[in-house]
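Novice: Based on what follows, work out the 3D shape:
(one chain, ligands or ions: 1)
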Amino acid sequence: TRVLLTGGSGFIAAHTLDVLLKRGHSVVTTVRTQEKADKIKEENKSAVDKGQLDFAIVPDIAQEGAFDKAVVSDPPFEAVLHTASPFHFNVTDVQKDLLDPAVIGTTGILKSIKKSAPSVKRVVITSSFAAIVEPSKGNWPGHVYSEEDWNPITLEEAEENPMAGYRASKTFAEKAAWEFLDKEKPNFTIATICPPLVFGPIIHALDSLENLNTSNQRILWAAQGKWKDEIAPTGVYLWVDVRDVAEAHVLALEKPDAANKRFFTVGGYFTNRDIAEIIKRHFPQYKDLPSASTPGGDYPEGGKEKGVYGYDNKRTIEVLGLKYRSFEDCIIDCIVSFQSKG
Ligand code: NDP
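Specialist: Residues are numbered from 1 along each chain as shown. Coordinates of the predicted model:
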């Protein structure tokens, strides 16, 4: 299949590109600059040489019509994977820095496809658990989160802080995609992937670990000894391996039955204490790791069985046939990848 992948320079997108190429798809990926394209080229020389991988420059997805040119290709695209969206909290203006690129980026690419790429049959969009979770309910014991749930966040709440802004950006963007489908009745079907915290090895170009993607930061901090005196609160107790998320994106474009469905891709439960313990067990050379008596980083009272929401990831297994990797392997591979990046 001929596929357009947006945001190819990202943590999740780099793994998604990997899966696409291994399955023999022909890919054009968008990046913001030629320099970023060149770095991806270096890592995927054989695919570039075979004509299996090409690039389109889209500097800012928040601009109207940003994807008008990128969606046109010869041979024409049959599927689009839209992963590009800001995921960081160093923002000054929630609207401009988070909501606009997420929402205009999503509606913009759907409009461009409808207008100029009639051969596209499936669009897979990276949404998030952020678009599912109801933060005001806290740990919500007894509730089982699934694809049925929607974050009820409002624009006013979105402006309160960057984390709320991020969750709102994902919620509003996914809602806008389903509304587009309803109102515009395009030629294509969509599928949305809703992962909780994504951890795992970094394979994208990174100048320095200081620019590490947001979700992996806590693993780096743990390894650097930042939790020596107190383990940081876990916050969200659900995680998934980046390689499984990548697989889910590609399966959602390949499987006819994935049409017009959300997918809650959850690998399982975890706590920050689990991260610290795995690092200690497998990387004894690291200093300043917390011990069994260090406070913090646990489940709330009642544990994961009675103190925290449940999750239902059945659809991802039944429809996509997804298999989930273990937390231990994920954290080990993640740390090994940090070592290779210095
Ligand atoms: P990254 O920060 O690594 O990737 C984000 C990508 O989006 C980058 O390629 C970035 O380009 C691009 N991007 C952001 N803003 C713009 C913009 N205005 N114009 C053009 N490109 C832009 O993070 P992830 O890989 O983790 O995130 C990928 C997707 O997965 C996002 O949609 C995110 O919301 C979603 N997600 C991530 C989770 C996680 O735990 N990691 C959990 C759930 C969902 P550049 O690097 O050049 O700025």
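Novice: what's the closest non-adjacent residue to Ser85?
Specialist: Taking Cβ to Cβ, 6 or more residues apart in numbering, and ignoring the residues beside it in sequence, Ser85 has Ala102 as its nearest neighbour in space, at 4.8 Å. From N, CA and C alone the C-beta is placed, and that goes for glycine too.
Novice: How many neighbouring residues does the one you found have?
Specialist: The local packing of Ala102 (other Cβ atoms under 10 Å) involves 28 other residues.
Novice: Quick check: which element contains Trp221?
Specialist: Using DSSP states H and E, the element containing Trp221 is helix 217-223.
Novice: Is the very next helix or strand once past that helix positioned near the ligand?
Specialist: The C-terminal neighbour of helix 217-223 among helices and strands, as given by DSSP H and E, is strand 238-241. No. With Cβ under 6 Å from any ligand atom as the threshold, strand 238-241 lies outside contact range of the ligand, at a closest distance of 8.0 Å.
Novice: Extract the C-alpha trace of strand 238-241 and format it as CSV.
Specialist: Extracted in CSV, the C-alpha atoms of strand 238-241 (Å, rounded to 0.1, in the frame of the first residue of the first chain):
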residue,chain,number,x,y,z
LEU,A,238,-1.5,2.6,32.2
TRP,A,239,1.3,2.1,29.7
VAL,A,240,2.0,0.5,26.3
ASP,A,241,5.2,-0.3,24.4
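Novice: now for that strand, which elements pack on it?
Specialist: Applying 3 or more Cβ pairs under 8 Å, 6 or more residues apart in numbering; DSSP states H and E, one finds that strand 238-241 makes contact with strand 197-199, strand 268-269, helix 327-340.
Novice: Contacts for it, please.
Specialist: Around strand 238-241, the neighbours that count as contacts under Cβ atoms under 8 Å, 6 or more residues apart in numbering are 129, 195-200, 265-270, 311, 324-325, 327, 329-330.
Novice: do the same with stretch 211-227
Specialist: Residues external to stretch 211-227 that are found in contact with it (Cβ under 8 Å, 6+ apart): 10-11, 87-89, 197-200, 202, 206, 209, 232, 272, 275-276, 279, 283, 286-290, 294, 296-297, 331, 334-335, 338.
Novice: Tell me the buried residues in it?
Specialist: Using 16 or more other Cβ atoms under 10 Å as the burial criterion, the residues of stretch 211-227 that qualify are 212-213, 215-216, 218-220, 222-223, 227.
Novice: out of the residues you listed, which touch the ligand?
Specialist: Residues of the buried residues of stretch 211-227 in contact with the ligand (Cβ under 6 Å from any ligand atom): 213, 215.
Novice: Quickly check the buried residues of stretch 211-227 for the two that are furthest apart.
Specialist: Comparing every pair within the buried residues of stretch 211-227 by Cβ to Cβ identifies Asn213 and Trp227 as the most remote, at 19.4 Å.
Novice: number of nearby residues for the residue lying closest to Asp333 once chain neighbours are set aside?
Specialist: With Cβ to Cβ, 6+ apart as the measure, Pro201 is the residue that lies nearest to Asp333, at 4.5 Å, once sequence neighbours are left out. Burial of Pro201, expressed as a neighbour count using other Cβ under 10 Å, amounts to 20.
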